[in-house]
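Structure here, sequence nowhere to be found:
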């Protein structure tokens, strides 16, 4: 997850990184500009919709990032199975926590947690981010011959469980909830292929 | 979930209700006093540890509330099964969303989401809240003859999945993620009893 080059992309990336730690409410526009090392005036230029637009784009960025990883995870599996894909999704978080500590969670989750109230722009972006991520997981499951509608349901289950386990792992500063999710869901997920 | 009587309990309850909507960072002490209709000076009196203490107690309140519901859910089931308990846990949220809209999430999740960074008091309280809630679920599963260690793992899975589905439902303003979780986890959960 290296910092992108252009100032606009850098600000979206920085917003995502900051809300992962502090939530939407506590992330100020000045913090984003400073984190992105962007010129102050560029905010108004690139984000005429202000903070709501920037936070919504951060949520969408998080969804695209997660969706893009799905194909890479599958490609890296010697024998792709639904349970193996879920293990890879959880392993990315385990590795992030190991390397960087437990301070930062999922930017999509962050964009719902403290601003589902009265911020329809950000809330809708979070919904779209979850939908895009779910669609990528469901497509991968279908390529493993999981039946069409079941793939959609299992994708939603995988993302729900992963999001909750990320929260519990951060609370505990321990990856156990992730490990439990991988172990317990594996037979269910692998049993969905013919 | 009626408002408690004493000013101290009212403030903890109000803090929990406010962080469910706005997160920890955006919930001010004055908001809590106003929501609790408590005398201003009582904050310092009851919570000498300030906002961190109050927010930590709100997280613990959320964990106790969730843990206490477990026995009630089981008692209301004609034929208690692990899948039936999980369905009841999800149904409470479905009903809360239906009755009150999607603005408020879980206070325990809220106490992790935006303040795992640099707020060890609240973070530890959230961890304890998850632990107490998991212990209550695990005890209920054991009473249904789920093997000892498996009960612990399944309790963590149930809470992870529920927390993530709550987030997705709030993003979508639609209970579908909860329904999917109940349907997909049922065979796994019920298969854990002899």
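Cool, the structure landed. Here the structure is a predicted model, which is why all the values come from computation and not from measurement.

what's the residue found closest to residue A:82 once you drop the neighbours it is linked to in the chain in contact with, if anything?
Spatial nearest neighbour of residue A:82, excluding adjacent residues (C-beta to C-beta, 6 or more residues apart in numbering or on different chains): residue A:189 at 3.7 Å. No exception for glycine: its C-beta is placed from N, CA and C like everyone else's. Residues near residue A:189 by C-beta atoms under 8 Å, 6 or more residues apart in numbering or on different chains: A:81, A:82, A:83, A:85, A:86, A:154, A:158.

Out of those residues, which comes closest to residue B:56?
The shortest approach to residue B:56 among the contacts of residue A:189 belongs to residue A:158, at 31.7 Å (C-beta to C-beta).

To what extent is residue A:35 buried, counted in neighbours?
17 (other C-beta atoms under 10 Å in any protein chain shown).

Now do the same contact list for it.
The contact partners of residue A:35, by C-beta under 8 Å, 6+ apart, come to A:14, A:17, A:18.

quick one: which of the contacts of residue A:189 sit in helices?
Under the assignment DSSP state H, those contribute A:82, A:83, A:85, A:86, A:154, A:158 to helices.

If you tally nearby residues, what's the number for the third one?
Under the neighbour criterion other C-beta under 10 Å, residue A:85 is assigned a count of 22.

how far does the biggest helix by length in chain A sit from the chain's center?
Ranked by residue count under DSSP H, the longest helix found in chain A is helix A:50-76. Relative to the mean C-alpha coordinate of its chain, helix A:50-76 is positioned 6 Å out (C-alpha atoms, centre = their mean, to the nearest Å).

In terms of secondary structure, what does it contact?
Secondary-structure packing of helix A:50-76 (3 or more C-beta pairs under 8 Å, 6 or more residues apart in numbering or on different chains; DSSP states H and E): helix A:7-22, helix A:29-36, helix A:82-100, helix A:107-113, helix A:120-143.

Direction-wise, compare that helix with helix A:7-22 and give the angle.
On the basis of axes from the mean of the first three to the mean of the last three C-alpha atoms, to 10 degrees, helix A:50-76 is oriented at 90 degrees to helix A:7-22.

contact partners of the helix or strand bottoming out on mean pLDDT in chain A?
Here the helix or strand of chain A ranked lowest by mean pLDDT, DSSP states H and E is helix A:42-46, holding a mean of 90. If you take C-beta under 8 Å, 6+ apart as the criterion, helix A:42-46 is touched by A:7, A:8, A:11, A:29, A:32, A:33, A:54.

So among these, which ones count as buried?
Buried by 16 or more other C-beta atoms under 10 Å in any protein chain shown: A:7, A:8, A:11, A:29, A:32, A:33, A:54, out of the contacts of helix A:42-46.

now residue A:145, what's its secondary structure?
coil (DSSP: H, G, I helix; E, B strand; the rest coil).

Per-residue pLDDT of it, please?
At residue A:145, the predicted lDDT confidence score is 97.

what's around the spatially closest residue to residue A:55 that is not a sequence neighbour, how many residues?
Spatially, and ignoring its direct neighbours in sequence, residue A:55 is nearest to residue A:122 (4.7 Å; C-beta to C-beta, 6+ apart). Residue A:122 is flanked by 28 other residues according to other C-beta under 10 Å.
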